[in-house]
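A.B. asks: Pasting the sequence and the predicted model now:
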Amino acid sequence: MDLGKELFPQQLPFAADGARYLTAVTPRRAGKTYAIAAKLLSVAQQKPGSTALYITLSRLNAKRILWETLKTLNATHELGAEVSEADLRMRLPGGGSICLSGAADRGEVELPAERITS
């Protein structure tokens with residue numbers, strides 16, 4: 001997926017940032033959800049075998065905030081990701097995956113069973 005064609009110019013610096021961890025602090029309606037979904041899909045496509053994590057306060061919040069947008073982008077761009085509703089996980093054909101999770105603090109993070117790579 002070409003981020004330059006998918007996002008507004010204001011979203012590109014965040015989505016194109018190669019940092020291992022990213023935080024977006026913006027006002028409401030700034031396009032965070034869409035930019036984050038595009039970023040996660042881009043990372044999963046470009047890094048075979050990697051798992052791109054999205055963690056928010058609860059698993060339910062992660063699903064409410066991002067899951068439908070990820071599925072829509074997958075369908076719109078015909079990415080061919082295998083979608084697991086039960087695990088809130090997408091596996092892309094190249095071997096990368098996206099996992100949504102929730103945690104109120106660092107000790108609550110439940111990582112996928114397989115090794116997490118950056």
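C.D. replies: Alright, I've got the coordinates.
A.B. asks: helix or strand for the residue nearest the centre of the chain, which one?
C.D. replies: Nearest to the centroid of the C-alpha atoms of the chain, with distances taken as Cα atoms, centre = their mean, sits residue 40, at 3.2 Å. Applying DSSP states H and E as the criterion places residue 40 in helix 32-46.
A.B. asks: name the helices or strands packed onto that helix?
C.D. replies: Based on contacts counted as 3 or more Cβ pairs under 8 Å, 6 or more residues apart in numbering; DSSP states H and E, the elements that helix 32-46 packs against are helix 3-6, helix 12-16, strand 51-56, helix 68-76, strand 97-102. C-betas here are computed from N, CA, C, even on glycine.
A.B. asks: Helix, strand, or coil at residue 62?
C.D. replies: Secondary structure state of residue 62, per DSSP: H, G, I helix; E, B strand; the rest coil, is helix.
A.B. asks: Just list the residues touching residue 91, thanks.
C.D. replies: Contacts here follow Cβ atoms under 8 Å, 6 or more residues apart in numbering; on that basis residue 91 touches 81, 82, 84, 97.
A.B. asks: Residue 102 contacts residue 55, doesn't it?
C.D. replies: Yes. Residue 102 lies in contact with residue 55 (Cβ atoms under 8 Å); the separation is 6.7 Å.
A.B. asks: Return every residue with contacts to both of the two.
C.D. replies: With contacts defined as Cβ under 8 Å, 6+ apart, the residues shared by residue 102 and residue 55 are residue 62.
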